[in-house]
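Chemist: Next come a sequence and a model predicted from it.
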Amino acid sequence: MISNNINDYSIIYSQTKYLEIKQNMNHSQIQAFIKEIELFQGLTDQEFHTLSESIEEATFKRNELLFEENGERQDLFLIYEGEVELFKRNIYQEEKPLSYFTKGDFLGEGSWSSDSKHSTSARAIETTHVLSVKKEYFVQNGASALKILSNISQVISRRMRHANNRMVNVAAQYEAGETRQEHDLLGYRNVPNQAYYGIQTLRGMENFNISGISLNFYPVLVVALAMVKKAAAEANHELNLLDDDIAAAIITACTEIINKKYQFHFVIDMIQGGAGTSTNMNANEVIANRALEILGKKKGEYEYCHPNNHVNLSQSTNDAYPTAVKIALYNNNLTLIKTLKELVKSFKAKGDEFKDVLKMGRTQLQDAVPMTLGQNFNAWGTTLEEEIKRLEENARLFLEINMGATAIGTGINSDPDYADKVVAHLRKITGLELKNAENLVEATQDTGSFVMYSSAIKRLAVKLSKISNDLRLLSSGPRTGINEINLPPMQPGSSIMPGKVNPVIPEVVNQIAFKVIGNDLTVTLAAEAGQLELNVMEPVIVQSIFESVEMLKNGMMTLKHRCIKGITANKERCLKMVQNSIGIVTALNPILGYEMCSRLAKEALETNSGVYELCIKKGLLSKKELDKILSPERMIKPQKMN
């Protein structure tokens, strides 16, 4: 049976306005093809004939959309040739690939329903030829429609049964399917035939159902693993250690994964025992099985392309895994910095907007001296901007790798020229200035770069948390707090207190910071726990850093879009507190002298009066003179004293 590769839990639909209709298949060809599709099981020959006559053909060019999110559903698609990518955009319009569909896959099994919209978007990633069944077919052919809808319900039921399974994998959509038998050191196991992973990955899935977060949650890591394997294959081929056809198949498989295909088959939990061996074998097995298909063989026929003998040739987990992690973290840091720059820009925009809003500065939560609200926001922007350089400096440590070290750094089971060649290929593939460590034995056991980078993201988190504290304080109230600024209301704040709105966005950023700080401690302890020639705790180091970066990226985007952009100033409130504050007496020192200012401050405290008010009352300064002295332009920078 032709597979129906549906890895997400959305139903896919299409809009006819995207179709380029062609008629180049006869009814017998169409009928033969659709008989292999699961949705049409149970139809009679006459029903197949009627269905084939109602089918229209459509061709989509590369990058052409089949449908867009929120568009109306209309067609049931059957892919005859080509490939389609399913993706979704988040609220910030960033794309996240969800799944890929190829020949024999059916898309849009919910087209019989007319009261909902697309939840995803899809586009052809190469020229793709499809057969489409119109919605009207289901209306006009009731008996056939009932059989098809029964099959559809089974598909949806399978998805829903597995939707909350922490071990979701590509086979989860199948109620019962073919398996293949594979063996390893411990014996034989049946592996789902649709799965590109093999027996060692299967054991890893069973052993490490820990965090619920699998490798494919971080596509940048999956891509980096494929980059390392591709470079190794190229180096081994250059050294005549891999035959042409096997090398070409492995390189092609790696390239496909780098292009975001087959990523859902990377199913191992991020936290695992074995120093990353399960991750490495997950990559080896997926690449080997895809390479076997490219060679015209079946999955599991490892005598033609073996996960260890060919894909893992000249490598060990102990050099391939940390190298891939470092490449992934370096690239992930680029997106973190991009997000950070956007947040800095947002703070500085508010700094410009509030540059004329005079307010009181505070030290130790007590009145200090006047400043502008714009200075607050510019200071926050600047302190975060400093972290860009720190992140860049620490991420550069990841450019030193240990490829060719194999097990412990001695390079056992690798050619003398392999290390130099694999690094050269990896530099070309990644575009990064990678270099091998001078001492591969030291590099294989050292986790110092992870400790340094973790400390850098912790420093960023601490600053974000301090800023969030400030935002909560300055927006406190609205009647009995500082209330200098208004945060945009996001949601009702209480189940018992009507009208209450809480600063939920700064609060969640605080909590993200606490997690990042805790993850940094985990990294420190795990780095310290290394023993002799290897640190087996690398998986929890990797998981902790990736989790911290992911939360920081999401938190900063949320802070920017759902808080900073919508902040408004209570200008009159700010000015009133300046005028009523004892703190403005400091600004009067150069004019009235320290002794007079001390008496004014004391009297203001004793009589609950403002210094501004007392100066006018005592005739020390006119209102015009006071306003000039306290003007924002005089408050925000040093002034000539004579």
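Modeler: Sure thing, it's come through.
Chemist: Just to check, Ser414 is in contact with Ala407?
Modeler: No: if you go by CB atoms under 8 Å, Ser414 and Ala407 don't touch, sitting 10.0 Å apart. Glycine gets a C-beta too; all of them are placed from N, C-alpha and C.
Chemist: More neighbours: these two, which one.
Modeler: Ser414 (25 against 17; other CB atoms under 10 Å).
Chemist: Identify the spatial nearest neighbour of that one, chain neighbours not counted.
Modeler: Ser314 (4.2 Å; CB to CB, 6 or more residues apart in numbering).
Chemist: Any stretches of the stretch 51-200 of the chain with poor pLDDT?
Modeler: Along the stretch 51-200 of the chain, segments meeting pLDDT under 70 span 108-116, 154-177.
Chemist: domain assignment for the protein?
Modeler: 16-164, 187-313, 320-418+431-571, 582-635 (automatic domain parsing).
Chemist: mind listing what Gly42 touches?
Modeler: Neighbour list for Gly42: 147, 150-151 [criterion: CB atoms under 8 Å, 6 or more residues apart in numbering].
Chemist: How many neighbouring residues does Thr480 have?
Modeler: Residues near Thr480, counting by other CB under 10 Å: 7.
Chemist: tell me which element Val509 falls in.
Modeler: helix 504-528 (DSSP states H and E).
Chemist: and whichever helix or strand comes after that helix, what does it pack onto?
Modeler: Remark: after helix 504-528, the chain's next helix or strand is helix 538-562, criterion DSSP H and E. Under the contact criterion of 3 or more CB pairs under 8 Å, 6 or more residues apart in numbering; DSSP states H and E, helix 538-562 touches helix 317-353, helix 448-474, helix 504-528.
Chemist: Any chance of CSV for those helices, columns mean pLDDT and distance to Ala601?
Modeler: Converted to CSV, the helices and strands packed on helix 538-562 look like this (pLDDT from 0 to 100; distance: least, CB to CB, whole Å):
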stretch, mean pLDDT, distance to Ala601
helix 317-353, 97, 30
helix 448-474, 98, 24
helix 504-528, 97, 33
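Chemist: which stretch among these comes nearest Leu397?
Modeler: helix 448-474 (3.8 Å; CB to CB).
Chemist: That closest one to helix 504-528, inter-axis angle?
Modeler: 160 degrees (axes from the mean of the first three to the mean of the last three CA atoms, to 10 degrees).
Chemist: For Tyr321, see how far away the residue nearest in space to the middle of the chain is.
Modeler: Central residue of the chain (CA atoms, centre = their mean): Glu550, 5.7 Å from the mean position. Using CB to CB, to the nearest Å, one obtains 20 Å as the distance from Glu550 to Tyr321.
Chemist: what does Asn502 give?
Modeler: 43 Å.
Chemist: So between these two, which is more surrounded?
Modeler: With neighbours defined as other CB under 10 Å, Asn502 and Tyr321 compare such that Tyr321 has more, 24 against 16.
Chemist: which residues touch Pro97?
Modeler: Pro97 sits in contact with 85-87, 219, 260, 263, where contact means CB under 8 Å, 6+ apart.
Chemist: now do 10 Å
Modeler: 8, 85-88, 125, 219, 260-261, 263-264 (CB atoms under 10 Å, 6 or more residues apart in numbering).
Chemist: same question, Ile55
Modeler: Per CB under 10 Å, 6+ apart, neighbours of Ile55: 25, 27, 30-31, 33-34, 76, 78, 130-134, 137.
Chemist: In terms of helices and strands, where is the nearest residue to Thr255 once chain neighbours are set aside?
Modeler: Leaving aside its sequence neighbours, Thr255 sits nearest to Lys230 (CB to CB, 6+ apart; 6.7 Å). Per DSSP H and E: Lys230 is located in helix 219-238.
Chemist: what mean pLDDT would you report for that helix?
Modeler: Computed over helix 219-238, the mean pLDDT rounds to 97.
Chemist: For stretch 147-156, buried residues please.
Modeler: If you call a residue buried by 16 or more other CB atoms under 10 Å, then stretch 147-156 has these buried ones: 147-148, 151-152, 155.
Chemist: so how far is it from its chain's centroid?
Modeler: 34 Å (CA atoms, centre = their mean, to the nearest Å).
Chemist: What of stretch 363-377?
Modeler: Worked out by CA atoms, centre = their mean, stretch 363-377 lies 36 Å from the chain centre.
Chemist: First-to-last residue distance for it?
Modeler: 17 Å (CA to CA, to the nearest Å).
Chemist: Likewise for stretch 81-96?
Modeler: 24 Å.
Chemist: List the buried residues in it.
Modeler: In stretch 81-96, counting by 16+ other CB under 10 Å, buried: 82-88.
Chemist: try stretch 495-513
Modeler: 501-506, 508-510, 512-513.
Chemist: and which of those is nearest to Ala226?
Modeler: Out of those, the member with the shortest distance to Ala226 (by CB to CB) is Ile512, at 30.0 Å.
Chemist: Looking at the closest residue to that closest one other than its chain neighbours now. What's its pLDDT?
Modeler: Among residues not flanking Ile512 along the chain, Gly555 sits closest, at 4.2 Å (CB to CB, 6+ apart). Per-residue pLDDT puts Gly555 at 97.
Chemist: Just give the number of residues close to Gly555.
Modeler: The number of residues near Gly555, taken as other CB under 10 Å, comes to 24.
Chemist: can you check Leu313 too?
Modeler: 25.
Chemist: Roughly how far does the closest residue to it other than its chain neighbours sit from Asn309?
Modeler: The shortest distance from Leu313 to any non-neighbouring residue, by CB to CB, 6+ apart, is to Asn236 (5.0 Å). Counting by CB to CB, the separation of Asn236 from Asn309 is 11 Å.
Chemist: quick one, which of the two is more surrounded?
Modeler: Asn236 (25 against 14).
Chemist: Doesn't Lys122 belong to a strand?
Modeler: Let me fix one detail, which is that residue 122 is Ala and not Lys. Yes: counting by DSSP: H, G, I helix; E, B strand; the rest coil, Ala122 is part of a strand.
Chemist: if we can go back for a sec, TSV for the contacts of Ile55, including distance to Ile629?
Modeler: Shown next, in TSV, are the contacts of Ile55 (distance: CB to CB, whole Å):
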residue	distance to Ile629
Met25	86
His27	91
Ile30	87
Gln31	91
Phe33	85
Ile34	85
Leu76	76
Leu78	79
Val130	75
Leu131	80
Ser132	76
Val133	79
Lys134	78
Tyr137	81
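Chemist: With respect to Lys61, which of the residues you listed is nearest?
Modeler: Val130 (12.3 Å).
Chemist: Could you give the number of residues near the closest one?
Modeler: 28.
Chemist: That one contacts Ile79, correct?
Modeler: Yes: between Val130 and Ile79 there is a contact under CB atoms under 10 Å: 5.4 Å.
Chemist: Spell out which residues are contacts of both of the two.
Modeler: 101, 105-107, 124.
Chemist: from these, which two are the most distant?
Modeler: Phe106 and Ala124 (15.8 Å).
Chemist: where do the strands sit along the stretch 1-150 of the chain?
Modeler: All strands of the stretch 1-150 of the chain, identified by DSSP state E, counting those that start in this stretch, fall at 56-60, 65-67, 75-81, 84-89, 95-101, 106-107, 121-124, 128-134.
Chemist: who wins for proximity to Phe398 among those strands?
Modeler: strand 95-101 (24.2 Å).
Chemist: now that closest one: how far from the chain's centre is it?
Modeler: 14 Å.
Chemist: Could you do stretch 91-110 as well?
Modeler: The answer for stretch 91-110 is 18 Å, by CA atoms, centre = their mean.
Chemist: between the contacts of Pro97, which is nearest Leu474?
Modeler: Closest to Leu474, out of all of those and judged by CB to CB, is Lys88, at 36.3 Å.
Chemist: Not counting its neighbours along the chain, what's nearest the closest one?
Modeler: Lys88 sits nearest to Thr120 (CB to CB, 6+ apart), 4.9 Å away.
Chemist: The one you found contacts Phe101, doesn't it?
Modeler: No: applying CB under 10 Å, one finds Thr120 not in contact with Phe101, separated by 11.7 Å.
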